[in-house]
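Undergrad: From the sequence below, what's the structure:
(one chain, ligands or ions: 1)
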Amino acid sequence: HTGTESGGTLPDKGTGCILARPSPPLRTRCPCRLQVMLLGDSGVGKTCLLTRFKDGAFLSGTFIATVGIDFRNKVVAVDGVKVKLQIWDTAGQERFRSVTHAYYRDAQALLLLYDITSKLSFDNIRAWLTEIHEYAQKDVVIMLLGNKADVSGERAVRTEDGASLAREYGVPFLETSAKTGMNVELAFLAVARWVTGPPAGAGGTRAPPGLTRSCRPPQGAQAASGAAGGAAPLPHP
Ligand SMILES: Nc1nc2c(ncn2[C@@H]2O[C@H](COP(=O)(O)OP(=O)(O)OP(=O)(O)O)[C@@H](O)[C@H]2O)c(=O)[nH]1
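TA: Have a look, this model is predicted:
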């Protein structure tokens with residue numbers, strides 16, 4: 001189905017990681033649009049993360065796996081610039097993989113999720129990154145998210161292991177919870193910020209296409225989230 005737009009979420013200034021940008025800068029193509037794809041194993045919480053971000057609600061109860069691909073829109077404002085996020089929610093199940101591959105190349109940003117209570121979903125991240133390398137744009141922005149951080153009692157993946165994997169691939173990392181909302185908005189706004197660039201007079205310069213700027217841990221990220229720095233185009237495995 002097609003989601004309706006909502007908008008006007010104003011992020012804190014300076015919250016996002018500074019991410020690698022594509023060429024040409026998207027600012028020149030305003031109204032800024034960004035296609036964001038949610039990827040990761042079935043059950044890691046992609047649909048719930050999107051619902052939390054879009055509607056501020058949590059889908060508890062029976063788990064209904066996504067079939068194929070779905071999308072919803074949300075307009076956010078970053079430093080006064082409106083950015084329309086079109087967010088694609090993909091099915092994590094293997095049998096839909098060929099359908100979702102077709103959409104990879106249209107995405108400018110990917111939120112790649114694992115479930116902190118599922119070691120398997122974490123171990124599969126490398127395979128996801130290999131697929132991304134094969135099907136996505138070379139300069140796609142990737143953020144690794146360890147979701148379900150609220151269920152710490154069943155944690156199977158340490159925060160430092162998530163941060164270390166993210167460092168290895170040069171991508172930003174956050175732990176999130178679609179249930180409590182922890183770091184959810186921050187993750188989406190970090191990629192939206194990538195479209196708009198730093199505020200005028202912020203003293204920063206835009207990164208040349210394909211190059212990486214240093215990445216601060218996002219301000220406002222909850223302390224245990226283990227934000228890791230360094231956004232870069234995906235290295236060859
Ligand atoms: N405790 C907790 N449960 C979550 C969280 N996110 C999702 N869940 C639960 O995990 C299950 C799967 O969530 P979904 O969002 O449907 O998973 P998905 O990744 O979209 O799965 P596919 O559509 O099959 O790819 C559901 O039962 C959710 O209620 C979270 O942050 N915390």
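
Undergrad: ok, the top helix by length along the chain near the ligand or not?
TA: In the chain, assigned by DSSP state H, the helix with the most residues is helix 184-196. No. Contact of helix 184-196 with the ligand (CB under 6 Å from any ligand atom) is absent, the minimum separation being 8.6 Å. For the C-beta atoms, the positions are set from N, CA and C on the backbone; glycine is no exception.

Undergrad: Buried ones in stretch 180-189, by neighbour count?
TA: For stretch 180-189, the neighbour count (16 or more other CB atoms under 10 Å) marks 181-189 as buried.

Undergrad: What residues does the chain have near the ligand?
TA: Within reach of the ligand by CB under 6 Å from any ligand atom, the chain has these residues: 42-48, 59-60, 63, 65-66, 91-93, 147-148, 150-151, 177-179.

Undergrad: Go through those residues and flag which are in helices.
TA: Among the residues of the chain next to the ligand, DSSP H puts 46-48 in helices.

Undergrad: Output these in CSV, with pLDDT, neighbour count and distance to residue 194 appended to each entry.
TA: As requested, these are arranged in CSV below (pLDDT from 0 to 100; neighbours: other CB atoms under 10 Å; distance: CB to CB, whole Å):
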residue, pLDDT, neighbour count, distance to residue 194
46, 97, 28, 20
47, 96, 22, 23
48, 96, 24, 23
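
Undergrad: Alpha carbons of the longest helix of the chain, as CSV, please.
TA: Output of helix 184-196 as CSV, limited to C-alpha atoms (Å, rounded to 0.1, in the frame of the first residue of the first chain):
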residue,chain,number,x,y,z
VAL,A,184,14.4,5.3,15.8
GLU,A,185,13.9,8.9,14.7
LEU,A,186,17.6,9.5,15.1
ALA,A,187,18.4,6.8,12.6
PHE,A,188,16.1,8.1,9.9
LEU,A,189,17.1,11.7,10.5
ALA,A,190,20.8,10.8,10.2
VAL,A,191,20.1,9.6,6.6
ALA,A,192,17.9,12.7,5.9
ARG,A,193,20.7,14.9,7.1
TRP,A,194,22.9,13.3,4.5
VAL,A,195,20.6,14.7,1.8
THR,A,196,20.6,18.3,3.2
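
Undergrad: Show the average pLDDT along it.
TA: In this model, helix 184-196 has a mean pLDDT of 86.

Undergrad: Show me what that helix is packed against.
TA: When contacts are defined as 3 or more CB pairs under 8 Å, 6 or more residues apart in numbering; DSSP states H and E, helix 184-196 sits against strand 32-39, helix 46-55, strand 69-78, strand 81-90, strand 109-115, strand 141-147, strand 173-175.

Undergrad: List buried members of the residues of the chain next to the ligand by neighbour count.
TA: 42-48, 59, 66, 91-92, 147-148, 150, 177-179.

Undergrad: Count the neighbours of the residue nearest to residue 185 when sequence neighbours are not counted for me.
TA: Spatial nearest neighbour of residue 185, excluding adjacent residues (CB to CB, 6 or more residues apart in numbering): residue 53 at 6.4 Å. The tally of other residues near residue 53 (other CB atoms under 10 Å) stands at 25.

Undergrad: Would you confirm that residue 53 contacts residue 183?
TA: No. Using CB atoms under 8 Å as the test, residue 53 is too far from residue 183 to be in contact (10.7 Å).

Undergrad: will you turn the buried residues of stretch 180-189 into JSON lines that also has distance to residue 172?
TA: Converted to JSON lines, the buried residues of stretch 180-189 look like this (distance: CB to CB, whole Å):
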{"residue": "181", "distance to residue 172": "19"}
{"residue": "182", "distance to residue 172": "16"}
{"residue": "183", "distance to residue 172": "11"}
{"residue": "184", "distance to residue 172": "15"}
{"residue": "185", "distance to residue 172": "15"}
{"residue": "186", "distance to residue 172": "10"}
{"residue": "187", "distance to residue 172": "9"}
{"residue": "188", "distance to residue 172": "12"}
{"residue": "189", "distance to residue 172": "12"}
